[in-house]
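Attaching a predicted model along with its sequence, questions to come.
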Amino acid sequence: MKTQLLSVLALAGVLALGGCHKPTPPAKAADQGARAVTVVRLQARPITGAMAASGTLVPREEAAVTPEVSGYRVARVLVDEGAYVRRGQTLVQLDPALIQAQLAQQSALAAQAEVQAQQAEEQARRVAGLDNQGVLSQEQIEQRRFAARAARAAANAQAAGQRDLRARAAKLAVTAPVSGLVLERTVRPGDLSAGGAAPWFRIAREGQIELAAQMAEDELARIRPGQHATVTLPSGQVAEGVVRLVSPQIDPQTKLGEVRILLPVRSDIRAGGFGRAVFAEVGSLGLAVPETAIRYDAAGASVMVVNADNRVRRVPVRTGQRGGGLVQILQGPPPGSRVVLNAGSFLLDGDLVRPTEAPGSTPAAAPAAADKAKAAR
């Protein structure tokens, strides 16, 4: 009886101790608390509209206007900067008083020489047919003939001088050689016309302005005449242009070539300004990620790469062309790396994440491998 009582007490104690011991909770999941992030693959992508170039706005063709006669005072200036002129339109009128006096004098000399020539020729005609007849000596006959020819030459010279002065008088009206926009005027009333002086006017032919942009040699090879470009002006306005000319040579010092982009005729497009062109029709293939994946800080540009153990690591990058929401990666992680899509996420090196692939971010090799596997089955 006593033995049975001890057994019952022992069993009760064991049960009591068992009731006081709490069960061990299940182990905490390894990725519980890891931040969910979206990742994209670093792979070759077409970067459309990535090529851009900057340059100066210049006239497509510029005409310089200078006086053709020297030594005459400017009487009137008829146009100013910003005016649109037509070919042949008078820009400056020179004072004609001096040349009119010279022309009157020369006209009198020419008339006098013409009378003398006619008189000498008449005397020469009178001795025609009298050679070797003894009426006059042969020497006298030849002298009359020579005098007639000399008088006619002198009359012709005076007439040429008269025509020269008339031509000069016509040039007293300085006209526009082309139609276009007056960009610069340097002449004033009272100035004296002189050969070799600076141009009085600079005219942009037809008012056409274009962007002279500098581009690297490899980029220049992908530009062709007729290609469209969007040009942003200093005012923020945008103009659609067309590539007119691609430089046939590269500067040996800078290794840059020039592209001329013809712009529409507009009052807000001014020569001498600055412009930036983006060639929307140009596409290039290169390793790229979305712009949101690039992080910028004091250390420069970087991306957050997700390793095989789902921990992030900051990797510095060197960026290249931009376009279509993508940024080219010239130097950085290897192709195929998983990059956090949102660089603004508060992530530090070594943080544990739960990555989710963004749609369309699987490398191109993956579909090909899947197709091969399906064919093998």
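Perfect, thanks for sending it.

tell me which element residue 122 falls in.
helix 97-126 (DSSP states H and E).

Please point out which parts of the helix or strand just after that helix sit buried.
Tracing the chain C-terminally past helix 97-126 and defining elements by DSSP H and E, one meets helix 138-170 next. Neighbour counts over helix 138-170 (16 or more other CB atoms under 10 Å) mark 141, 144-145, 147-148, 151-152, 154-155, 158-159, 161-162, 165, 168-169 as buried. C-beta coordinates here come from the backbone N, C-alpha and C atoms, glycine included.

out of those, who's nearest residue 205?
residue 168 (27.1 Å; CB to CB).

Quick one: residues contacting that closest one.
When contacts are counted by CB atoms under 8 Å, 6 or more residues apart in numbering, residue 168 touches 69, 99.

repeat that for 10 Å
68-72, 94, 96, 99, 102-103 (CB atoms under 10 Å, 6 or more residues apart in numbering).

coming back round to it: just name the closest of the buried residues of helix 138-170 to residue 279, please.
residue 168 (52.0 Å).

Low-confidence bits of the stretch 51-200 of the chain, can you list those?
Residue ranges of the stretch 51-200 of the chain with pLDDT under 70: 129-136.

sorry, back to before: save the contacts of residue 168 as a markdown table, and put in distance to residue 257 too.
Converted to a markdown table, the contacts of residue 168 look like this (distance: CB to CB, whole Å):
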| residue | distance to residue 257 |
| --- | --- |
| 68 | 38 |
| 69 | 42 |
| 70 | 41 |
| 71 | 46 |
| 72 | 45 |
| 94 | 44 |
| 96 | 50 |
| 99 | 50 |
| 102 | 54 |
| 103 | 54 |
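
And those residues, which of them are buried?
Here, 16+ other CB under 10 Å leaves 69, 72, 94, 99, 103 buried among these.

Hmm, residue 96 and the last one touching each other?
Okay, so that is residue 103. Yes - counting by CB atoms under 10 Å, residue 96 is a contact partner of residue 103 at 9.1 Å.

Now the common contact residues for these two.
Shared contacts of residue 103 and residue 96 (CB under 10 Å, 6+ apart): 168-169.

Can you list the residue ranges for helices in the stretch 251-377 of the chain?
Using DSSP state H, counting those that start in this stretch, the helices of the stretch 251-377 of the chain run over residues 365-376.

list the contacts for residue 213?
Residue 213 neighbours (CB under 10 Å, 6+ apart): 52-56, 223, 229, 231, 241, 243, 256-261, 275-277, 279.

and if you look at residue 250?
So residue 250 contacts 215-217, 220, 256-258 (CB under 10 Å, 6+ apart).

Quick check: pLDDT value at it.
With respect to pLDDT, residue 250 scores 91.

Contact partners for residue 86?
Counting by CB under 10 Å, 6+ apart, residue 86 has contacts 175-176, 178-180.

Also residue 358?
38-41, 290, 293, 339, 341.

any chance of those residues in TSV, plus neighbour count, distance to residue 199 and pLDDT?
Putting these into TSV (neighbours: other CB atoms under 10 Å; distance: CB to CB, whole Å; pLDDT from 0 to 100) gives the following:
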residue	neighbour count	distance to residue 199	pLDDT
38	16	63	91
39	23	63	93
40	23	58	93
41	19	61	93
290	18	53	91
293	24	55	91
339	25	58	93
341	21	59	91
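
which ones among the residues you listed are found in strands?
38-41, 290, 339 (DSSP state E).

Take the residues you listed and write them to JSON lines, including distance to residue 265.
What follows is these, written out as JSON lines (distance: CB to CB, whole Å):
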{"residue": "38", "distance to residue 265": "48"}
{"residue": "39", "distance to residue 265": "50"}
{"residue": "40", "distance to residue 265": "45"}
{"residue": "41", "distance to residue 265": "48"}
{"residue": "290", "distance to residue 265": "39"}
{"residue": "339", "distance to residue 265": "47"}
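
From the residues you listed, pick the one nearest residue 302.
For those, the nearest to residue 302 is residue 339 (10.3 Å; CB to CB).
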